[in-house]
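[1] turn this into a structure:
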Amino acid sequence: MKSRTVVHLAAAAGLLALGACSESTAPASLVDQTTLTTDVASSSGDAVALDVQVLSTNEGFAGLVAPIQASAAAVSGDSISYTRTRNCYDSTGAGTTCGTSAVRTAVLHVTFTGFRADTAENGAIFTGNISRTVLDTLFRIYTGTTETSRQHDGLSTGSDTVSFVGPSVQRLYEEAGSDSVEAVTYNLPRIDNPWPISGKIVRNVSVHATFTSATRSSTTDVTKRVEVDFPPDNQGNVVLKIDNKTCNLNLVTHHVSNCQ
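    Here you go, the predicted structure:
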């Protein structure tokens with residue numbers, strides 16, 4: 001009986017040793033978590049900047065004055081097509097003609113597809129094929145008889161394929177994102193107030209990542225929460241939060257930088 005116990009203990013020790021050896025010789029990941037997070041920050045910042053652009057152009061589509069500079073945020077290489085529908089309502093909730101003084105609320109549905117390109121903070125070339133749908137409810141806020149601000153609430157959903165080409169590893173991300181537009185508010189006159197003065201956009205994104213080098217490839221799945229709180233500064237720079245990091249997002253160029 002004693003010898004049988006010794007044999008079992010020896011076998012168990014051997015298995016533990018084998019497991020430890022196997023773990024220690026497993027290949028390191030092709031991409032570390034810092035690079036992955038920075039990549040998702042870049043693509044998510046671009047998505048949020050597009051959300052802000054859509055909100056401004058929606059105001060113009062609803063027949064309201066909106067500043068040209070807030071919607072002219074194209075990056076070289078872009079090719080995006082938009083389709084919009086609108087429904088406008090008066091103070092009683094009855095349907096009314098868009099573009100008239102009677103409008104108090106506008107509900108806008110936007111779909112867009114296309115191509116985006118930029119350079120990420122880590123130097124990788126970033127390209128993205130995007131497909132999004134936006135439901136935006138616009139409220140005109142009055143003080144007495146004077147319109148003083150406009151508030152947007154809505155949801156943007158989409159599926160994007162984003163690629164980062166680095167010096168030795170190509171990183172491909174299939175992203176399913178859901179962006180909540182929460183009380184994003186602009187002061188009037190809009191020509192003097194191109195950026196939101198309050199509110200936030202929260203993006204929840206599920207990512208299937210594939211990393212490929214010359215000799216091997218690997219995959220991983222992650223979820224990330226990204227938050228941008230307004231207002232930005234006069235140049236359109238705003239803080240982007242992802243995990244325990246903060247980055248700078250420029251709403252004009254869509255570029256994300258200084259993640260730390």
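[2] so where's the chain uncertain?
    Within the chain, the ranges that satisfy pLDDT under 70 run 1-29, 67-77, 121-123.
[3] tell me the centre residue of it?
    Per CA atoms, centre = their mean, the C-alpha nearest to the average position across the chain is that of residue 44, at 2.8 Å.
[4] list the contacts for residue 82?
    Contact partners of residue 82, counting by CB atoms under 8 Å, 6 or more residues apart in numbering, are 57, 110, 111, 112. (Each C-beta comes from the backbone N, C-alpha and C, glycine too.)
[5] what about it, which helix or strand?
    strand 79-89 (DSSP states H and E).
[6] parallel or antiparallel, list what pairs with that strand.
    Counting by DSSP bridges, the strands paired with strand 79-89 are strand 95-96 (antiparallel), strand 105-119 (antiparallel).
[7] just these: most buried one?
    Looking across those with neighbours counted as mean count of other CB atoms under 10 Å, the highest average goes to strand 105-119: a mean of 18.
[8] OK, contacts around residue 114?
    Residue 114 touches 78, 79, 80, 81, 129, 130, counting by CB under 8 Å, 6+ apart.
[9] so residue 160 versus residue 81, what's the distance?
    Relative to residue 81, residue 160 is positioned 15 Å away (CB to CB, to the nearest Å).
[10] correction: the previous question concerned residue 213.
    Using CB to CB, residue 213 is found at 35 Å from residue 81.
[11] ok, the two, which is more surrounded?
    residue 213 (13 against 8; other CB atoms under 10 Å).
[12] that one: what's it in contact with?
    30, 168, 169, 170.
[13] just residue 137 next, same as before
    Contacts for residue 137 (CB under 8 Å, 6+ apart) come out as 105, 106, 107, 108, 152, 153, 154.
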